[in-house]
Structure formats: structure tokens, C-alpha cells
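**Q** model this:
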Amino acid sequence: MKTNDQIVLPTSQSDAVLLKRLSIVQFICLGIAGLIAVAILLAWLIGGVSAWFPDGWYVMKFNTALGMLLTAVSLLLLSVTQTPTRLWGIRALMVVVLLLAVAAVYEHASGHVTGLDTLIVSDATSNTPGLMSDQTAAFFLLMGACLLLCSTQVNRWGAGITILITLLAVHVLIIFSGYCFTAVQLIGQSMITRTSPHTLTCMLLLTISLMCWWAQNGHFSLLVGQGIGSQLARRVLPFALLLPFVLMLSSAGMARAGWMSPPVAVGLAVAVMAAAFGGLVSLMGRRINTLEREIRAQSLTDEFTGVFNNRGFNLLGEQSLREAQRGNATLTLLVFDLDNVKEIGEKLGHEAASRFVQDVAGLLRSNFGPADIVARTESDEFAVITKDENTGGVIALMRIGEAVDAMNSAKDRSYVVSFSVGEAVTAPGSGESFTQLVTRANLMMRERKRIQHVFGREAADNASVISSVRASGNTRSS
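**A** You can find the predicted model right below:
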């Protein structure tokens with residue numbers, strides 16, 4: 001039965017261990033944000049409790065604390081087993097949060113008081129009682145819209161939810177920057193109507209919790225995947241996020257200390273940042289190149305024998321032939337066809353046949369030089385490309401013949417190592433293609449097998465060496 005299901009490669013799958021850790025982080029963030037919100041709510045509702053809190057706790061308004069608590073509860077309901085009742089509960093809570101945010105935006109824009117801010121508790125600490133900042137209201141608008149979509153058809157709104165979460169993260173980072181560089185315009189309308197540090201803490205925790213939940217549901221695959229790119233992204237992202245803040249805060253501190261003027265401090269920070277990111281890009285490029293070389297080497301190597309596979313043989317063979325033709329040099333191709341591999345497997349078992357193939361691969365590796373190309377082109381066929389212009393591989397073939405005789409004389413094998421050899425030598429300036437060269441070598445190999453079948457192994461071996469010597473001599477004379 002055919003199926004249209006897409007095959008998911010291991011490198012595109014999420015890291016299960018990382019997802020489990022993200023689940024723990026999510027619940028820790030929800031717990032801390034919920035505790036902060038509950039504590040502020042108690043301080044507003046119970047007068048005696050506020051005495052235990054540090055100065056400035058009241059900057060986080062009652063409606064702000066209530067919105068944070070409702071958001072934390074909604075994220076908790078979203079993270080457990082979802083039922084229709086819980087999903088409707090999330091929607092109801094988010095409607096309340098959006099109502100609080102819209103009322104705050106309306107009051108800031110129009111100057112009219114709705115009374116919603118002081119509906120439950122009064123606020124004598126500000127000339128705008130209970131009013132949250134525009135930045136806080138914007139956070140609740142983004143979070144409320146995002147959770148409403150999450151409580152419906154997630155697959156349908158996946159792209160929209162990802163965009164909202166990204167905007168949410170950027171919004172929180174902007175407010176954080178406002179505190180880092182004392183930019184009041186980024187954190188509120190005044191020091192009384194502003195996003196307080198504990199409000200910002202809840203924003204960070206709830207945003208992190210939402211991102212963790214979204215990653216566990218198959219999104220943000222770049223950050224939670226098992227692939228090389230995901231691993232690099234996880235290592236680089238903290239550095240890329242923190243470096244600008246560290247450098248700019250350092251430059252601002254040096255300017256305030258009088259060590260250098262503000263323009264010099266900013267210029268120095270920008271230069272260091274540019275150099276750091278340039279170095280980071282270079283390190284990533286080097287790492288990717290190293291991994292690419294490893295992957296390419298694996299894709300060109302026969303895992304069973306350790307020599308090149310058919311793909312590597314064709315790729316490197318084409319390249320070697322072009323280099324020989326450009327240099328007006330000769331190239332020798334040897335094709336080795338193993339005898340009776342199937343029969344050995346049927347009589348002695350798969351392990352014996354596998355050992356036979358590995359024996360031949362070892363013989364070829366040890367008797368040809370590091371500049372020669374040794375490849376396993378088929379299950380029972382090997383090929384060697386050698387640039388030895390003096391002998392055309394004859395000496396190597398003689399060494400291999402002696403090694404085969406010694407191997408067959410040993411008592412540790414229950415099979416006879418034998419193979420047929422075909423060779424083809426390029427002529428300088430011939431313009432022969434690599435495919436034609438391989439075809440000639442295969443034709444020679446099949447002729448040797450025919451001679452072996454008719455006249456026996458010794459005649460075939462003699463024909464192989466004689467024709468190799470002739471080919472080498474013809475090449476040198478030409």
C-alpha cells in the first residue's frame with residue numbers, strides 16, 4: 001500500500017533529551033512567574049502584606065499582576081493534556097487579559113479613564129491609578145492573541161503563532177534594553193507608569209515558557225533539532241544575544257567612569273562587536289567546512305572495506321583522467337573481478353564471503369601507493385587507478401600475485417582467494433573518456449575470465465602479466 005507520509009531523517013528530528021529539559025524549564029518559569037504575580041496581588045489586596053515587600057513593588061499594578069497570573073495559568077493548561085473544557089478555559093482567561101490590555105491602550109490614547117484599572121482595588125501611588133504602561137499592554141496583546149491561536153487549530157495557525165512569539169521575544173528584549181541603558185521611553189511613560197523590573201521578569205519567564213512549549217510541539221526545529229546546524233545554532237545563539245549587551249554596557253560604564261568620552265566608548269564597542277561577530281562567522285565557517293569534508297569522505301567511502309565506493313571511483317577517476325590529459329601523462333586502470341564469491345557464501349556462509357572481499361581490499365590497499373585510487377565498484381568487483389608511468393601497475397600485480405599465493409598457502413582460510421584482472425592504459429593525447437577507459441578494462445577482464453574457463457587459472461594469470469607489460473611498454477614508447 002502506498003503512502004504519502006514524508007520520511008523524517010534523524011537529523012531533522014528534535015532532540016528528545018533537549019525537549020525533556022525544555023519541559024522542565026517551562027514549568028520552572030511558569031512557577032516563578034506565578035509566584036511573583038500572586039505575591040503582588042496579595043500585596044495589593046492585603047495591606048499588611050505590603051510591609052514585607054521592598055520599595056517599588058506597587059509599580060507592578062494590580063491588573064498587571066492579574067494578567068500575569070492568568071497568562072501563567074493558561075500556559076499551564078496548554079501544557080497538560082488538552083481537553084475541550086481546558087481549551088475553552090484558556091480562551092476565557094485570554095479574553096480577560098486582552099480586555100485589560102485594550103482598556104489600558106484606550107486610556108493612554110484618549111486620556112479617558114475607564115474605571116477598569118481600579119475596579120477591584122484602589123491605587124493611591126500614582127496620578128493615573130492602576131494604569132499599566134503601554135509596553136506592558138502591548139505584551140498582553142501579543143501574548144493573548146498568541147494563546148488564543150494556540151487554543152484553536154495549532155497546525156492551521158502555526159506560522160502566525162511563530163511570528164507572534166518572535167515579536168513577543170523582540171518586544172521583551174527592547175524593554176530589557178531600556179533598563180540596561182536607562183532609556184525611559186522604552187520601558188514606560190514615566191517612572192510611575194512603567195514596566196517594573198518584576199513585571200519584566202514575569203514577561204521574560206512567560207515568553208521563555210511559551211517558546212519551550214512551542215518547541216515541544218514540533219516548532220523551532222532549528223534550535224531543538226539533532227542536526228549539525230541545530231547544534232551550531234544552540235551554541236552560537238546565547239553568544240550572539242548577550243555580546244551586544246555586554247559590550248554596550250561596558251562602553252557605557254567606561255564613559256560614566258570618565259575613562260573615555262561617550263563617542264569613543266561607543267566606537268570601541270562597535271569595533272569589538274564587529275570583530276567578535278566576524279570571528280564567530282569564521283569559526284562557524286571552519287566548523288562547517290570540516291564537517292562537510294567528513295561527510296563527503298563518508299559518502300565516497302565503502303564502509304565495509306574502507307576503500308572508495310563506486311561514486312568515489314567515478315568522481316576521482318574523472319578528475320585523475322583530466323589531470324593526466326592536461327599533463328600529457330598516462331593513466332592505468334585495473335579492474336579486479338572476484339571469483340566464486342557467491343559459491344563461497346553458499347557453501348561456507350556469509351562471513352567467509354565477507355572475509356574474502358575484505359582480504360582482496362586489504363591486498364589492494366597494501367600493494368598500491370597512497371596516490372593510487374582503490375575502489376570497490378560492485379559487491380564482488382574492485383578497481384584501481386594508478387599513475388605509475390614506468391610499469392603500468394605490473395610490479396604491483398606481481399606483488400599481489402605473491403601475496404595471494406602466500407594467503408592461499410596459509411591454513412587459516414577455508415576458501416581460495418582468486419580473481420580476474422583487466423587493464424586499460426590511456427595514451428597521451430587520445431582524448432578518451434573515462435567511461436571508455438572503464439569499458440576497455442572490463443572487456444579485458446571478461447576476456448581473461450574466458451581464458452581462465454578454457455585454459456585454467458595459470459594461463460589467465462600469465463596473460464594478465466604479459467598484456468600489462470605490453471601495455472606499459474607501448475605507453476612508454478609512444
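**Q** Can you name the next helix or strand after the helix or strand hosting residue 288?
**A** Assigned by DSSP states H and E, residue 288 falls within helix 262-299. Using DSSP H and E, the helix or strand that follows helix 262-299 in sequence is helix 310-326.
**Q** Which strands or helices does the helix or strand that contains residue 234 pack on?
**A** In this assignment (DSSP H and E), residue 234 forms part of helix 228-256. Helix 228-256 is packed against helix 158-180, helix 221-224, helix 262-299, with contacts defined by 3 or more CB pairs under 8 Å, 6 or more residues apart in numbering; DSSP states H and E. To be clear about C-beta, it is placed using only N, CA and C from the backbone, and glycine gets the same treatment.
**Q** Worst mean pLDDT among these?
**A** For the helices and strands packed on helix 228-256, mean pLDDT drops lowest on helix 221-224, to a mean of 73.
**Q** Who are the packing partners of that helix?
**A** For helix 221-224, the elements it packs on are helix 16-45, helix 228-256, judged by 3+ CB pairs under 8 Å, 6+ apart.
**Q** and that helix, which residues are buried?
**A** 223, 224 (16 or more other CB atoms under 10 Å).
**Q** wait, is residue 337 part of a strand?
**A** Yes: assessed by DSSP: H, G, I helix; E, B strand; the rest coil, residue 337 belongs to a strand.
**Q** Leaving out sequence neighbours, find the closest residue to it.
**A** Take residue 337 and drop its neighbours on the chain: the residue closest to it by CB to CB, 6 or more residues apart in numbering is residue 420, 4.8 Å away.
**Q** what's the answer for residue 378, then?
**A** residue 310 (7.1 Å).
**Q** Can you find the helix or strand in the protein with the smallest mean pLDDT?
**A** Across the helices and strands of the chain, mean pLDDT, DSSP states H and E gives its lowest value to helix 457-477, namely a mean of 44.
**Q** who touches stretch 408-416?
**A** 340, 344, 348, 352, 355, 356, 359, 407, 417 (CB atoms under 8 Å, 6 or more residues apart in numbering).
**Q** Pull out the C-alpha coordinates of it and format them as PDB.
**A** Coordinates of each C-alpha in stretch 408-416 appear next as PDB, following Å, rounded to 0.1, in the frame of the first residue of the first chain:
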ATOM      1  CA  ASN A 408      46.200 -19.400  -0.100                       C
ATOM      2  CA  SER A 409      49.100 -21.400   1.300                       C
ATOM      3  CA  ALA A 410      48.000 -20.500   4.900                       C
ATOM      4  CA  LYS A 411      45.800 -22.900   6.800                       C
ATOM      5  CA  ASP A 412      43.500 -20.200   8.400                       C
ATOM      6  CA  ARG A 413      41.200 -19.900   5.400                       C
ATOM      7  CA  SER A 414      38.700 -22.500   4.000                       C
ATOM      8  CA  TYR A 415      38.500 -20.800   0.600                       C
ATOM      9  CA  VAL A 416      40.800 -19.900  -2.200                       C
END
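**Q** what about the protein, any weak spots by pLDDT?
**A** In the predicted model of the chain, residues 1-14, 388-393, 452-478 satisfy pLDDT under 70.
**Q** Pop the domain breakdown of it in here.
**A** Structural domains annotated on the chain: 13-224, 227-299, 310-477, as defined by automatic domain parsing.
**Q** re earlier: mean neighbour count for the helices and strands packed on helix 221-224 - can I get that in CSV?
**A** Formatted as CSV, these follow (neighbours: other CB atoms under 10 Å):
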stretch, mean neighbour count
helix 16-45, 17
helix 228-256, 15
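**Q** Identify whichever of the ones you listed lies nearest to residue 178.
**A** With CB to CB, the closest approach to residue 178 among those belongs to helix 228-256: 11.9 Å.
**Q** returning to what we had before: so for residue 376, which of the helices and strands packed on helix 228-256 sits nearest?
**A** The closest of the helices and strands packed on helix 228-256 to residue 376 is helix 262-299. By CB to CB, the value is 14.2 Å.
**Q** Can you spell out which helices and strands pack onto the closest one?
**A** Helix 262-299 sits against helix 228-256, with contacts defined as 3+ CB pairs under 8 Å, 6+ apart.
**Q** how far is the helix it packs on from where the chain is centred?
**A** Distance, stretch centre to chain centre, for helix 228-256: 21 Å (CA atoms, centre = their mean, to the nearest Å).
**Q** quick one: it to helix 262-299, angle?
**A** For helix 228-256 against helix 262-299, the angle by axes from the mean of the first three to the mean of the last three CA atoms, to 10 degrees is 170 degrees.
**Q** tilt between helix 228-256 and helix 158-180?
**A** Using the same axes, to 10 degrees: helix 228-256 against helix 158-180 is 20 degrees.
**Q** Just want the angle from helix 228-256 to helix 16-45.
**A** Using the same axes, to 10 degrees: helix 228-256 against helix 16-45 is 40 degrees.
**Q** Residue 29 contacts residue 203, correct?
**A** No: assessed by CB atoms under 8 Å, residue 29 is found out of contact with residue 203, at 10.9 Å.
**Q** number of nearby residues for the residue lying closest to residue 311 once chain neighbours are set aside?
**A** With CB to CB, 6+ apart as the criterion, residue 311 has its nearest non-adjacent residue at 5.9 Å, and that residue is residue 300. For residue 300, the count of nearby residues is 17 (other CB atoms under 10 Å).
**Q** Go ahead and confirm residue 300 touches residue 308.
**A** Yes: assessed by CB under 8 Å, residue 300 is found in contact with residue 308 at 5.7 Å.
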